[in-house]
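Chemist: Pasting the sequence and the predicted model now:
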Number of protein chains: 2
Amino acid sequence: MTPGRQRRFDVIGFDADDTLWHSEDSFHQVERRYVDLLAPYVADGVDVRDALRATERRHVPISGYGVKAFTLSMVECAVTASQGAVPATVIGDIVGLGMAMLTEPVRLLPNVAEVLVDVGTDHRLVLITKGDLVHQWRKLEMSGLAHHFVHIDVVMEKDEKMYRRVLADVDCQPGRFCMVGNSVRSDVLPVLAIGGHAVHIEYEYTWEHELVEHDKSVVTAASILDIPGLVR
Amino acid sequence: MTPGRQRRFDVIGFDADDTLWHSEDSFHQVERRYVDLLAPYVADGVDVRDALRATERRHVPISGYGVKAFTLSMVECAVTASQGAVPATVIGDIVGLGMAMLTEPVRLLPNVAEVLVDVGTDHRLVLITKGDLVHQWRKLEMSGLAHHFVHIDVVMEKDEKMYRRVLADVDCQPGRFCMVGNSVRSDVLPVLAIGGHAVHIEYEYTWEHELVEHDKSVVTAASILDIPGLVR
């Protein structure tokens, strides 16, 4: 900490998927492959993407976020969208796509490590991410970023209650906390609602489930490189 | 706390699945249904149970524990064990079995609530469970037991490192901690290894993955009713 300078925040929270590393682009790529795999087995006029989206929406409250839930949705939707015509070998390929996602290398977004080092010199950093416990921890270990964080939380839902709990765990007042992430719904609005601060960094893709109406007054960064300036 | 009486422990940890509520029996039941569903499509001499176990073993390091991982294993194994002969509608039924497991009601083991009230009068209780984040939280909410615990942790793996971390989080020395659970591998041995205490309560079924060699000197309770006596 620079002596004599007043910090605005004590703790900076970072989202992980599509904030520190690429994630959603991989879902898009797999989805394109999935649509191709199913094409021979669905009737004309059936939009496999829409059908998959509908299956996911129905599953999220039951199976949550992450690759395993996504893969189960792909399997179920393959059966229903093809009216039972999809062969087992294609189902095997679909499960294979999901398993490959679970083990694919982590691709960090540009400048992430440098920014964490910078912001970490005078703030405690916490990582707050949704999704699958095993997969998120594997990605975190592969990322080489874990040591930047004093606290890492893989949570079920990013809502006001969860943020209050995490801030209590790290002993930080909401007003002294700033969250950084690519989802206005998950990383920004609930933090503002409990009296915290947040910066939105847009990513190329946003999962439909994360889209949310807001009044556009959200603080936005063009990339993670803007974060050191914005939190000081 | 009874005045004048010296407590042996400050914190008692409880496992959840097959310690507070039934879980493994449901996997067994679904597996029986699964074997029946696949029977018409597998060659004579193929043991579907063995094949499923092999698939699970291969998947655990990638997809972890829990119903979603189990369901993906069932789907993959259906394709391979039937050599691609299983119809899509049966795959749909298999996914349906998994989704039903994720939403089935919680069935508490006998006397659980009373014992938690009793032990909780003079100890802080923590719940430490493995498995799927969303599913474990749903079960916990349905169980009506959450309020007994000062700390709830859904963890990826129950190893020494994790127990050290949880004990640090709840500010408890290992020697003042006793863990209660149905798995010697997960609930007993790593706790003893860090200088803590543990009581094993056997459950009707043990998942093969949880079986472990040990020297039988483990403290064992016939049921959760023995716990108040054993920890005081």
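Modeler: Received it, and whenever you're ready, just let me know what you need.

Chemist: Domain map for chain A?
Modeler: A:11-21+A:106-230, A:25-103 (automatic domain parsing).

Chemist: quick one: terminal-to-terminal distance for the last one?
Modeler: This points to domain A:25-103. Using C-alpha to C-alpha, to the nearest Å, one end of domain A:25-103 lies 15 Å from the other.

Chemist: Please see if it touches chain B.
Modeler: Yes: Domain A:25-103 reaches chain B (C-beta under 8 Å from any C-beta of the partner chain) through A:59, A:62-64, A:68-69, A:71-72, A:75-76, A:78-80, A:82, A:84-89, A:91-92, A:95, A:98-99, A:102-103. Where C-beta positions appear, they are placed from N, C-alpha and C, glycine not excepted.

Chemist: List only buried entries from the residues you listed.
Modeler: Buried residues within those, counting neighbours by 16 or more other C-beta atoms under 10 Å in any protein chain shown: A:59, A:62-64, A:68-69, A:71-72, A:75-76, A:78-80, A:82, A:85-88, A:91-92, A:95, A:98-99, A:102.

Chemist: Return the subset of the residues you listed lying in strands.
Modeler: Among these, the subset assigned to strands under DSSP state E is empty.

Chemist: does residue A:103 really touch residue B:63, like I thought?
Modeler: No: counting by C-beta atoms under 8 Å, residue A:103 does not reach residue B:63; the two are 9.7 Å apart.

Chemist: where do the strands sit along chain A?
Modeler: A:11-14, A:124-130, A:151-155, A:177-181, A:197-201, A:220-221.

Chemist: in its sheet, what does the third one sit against?
Modeler: Paired strands of strand A:151-155, with direction, are strand A:124-130 (parallel) (DSSP bridges).

Chemist: any residues touching the partner strand, and which ones?
Modeler: A:10-17, A:20, A:65-66, A:116, A:119, A:136, A:140, A:145, A:148-158, A:162-163, A:166, A:170, A:172, A:179, A:186 (C-beta atoms under 8 Å, 6 or more residues apart in numbering or on different chains).

Chemist: Let me see the contact set for residue A:172.
Modeler: A:10-11, A:124.

Chemist: wait, which of the residues you listed is closest to chain B?
Modeler: residue A:124 (15.6 Å; C-beta to the nearest C-beta).

Chemist: got the CA coordinates for stretch A:162-172 in PDB?
Modeler: This file holds the C-alpha atoms of stretch A:162-172, laid out as PDB (Å, rounded to 0.1, in the frame of the first residue of the first chain):
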ATOM      1  CA  MET A 162     -24.100 -15.000  -0.900                       C
ATOM      2  CA  TYR A 163     -22.200 -11.800  -1.300                       C
ATOM      3  CA  ARG A 164     -23.100 -10.800   2.300                       C
ATOM      4  CA  ARG A 165     -21.900 -14.200   3.500                       C
ATOM      5  CA  VAL A 166     -18.600 -14.000   1.600                       C
ATOM      6  CA  LEU A 167     -17.900 -10.400   2.800                       C
ATOM      7  CA  ALA A 168     -18.500 -11.600   6.400                       C
ATOM      8  CA  ASP A 169     -16.100 -14.500   5.900                       C
ATOM      9  CA  VAL A 170     -13.400 -12.100   4.700                       C
ATOM     10  CA  ASP A 171     -14.300  -9.500   7.300                       C
ATOM     11  CA  CYS A 172     -15.100  -6.600   4.900                       C
END
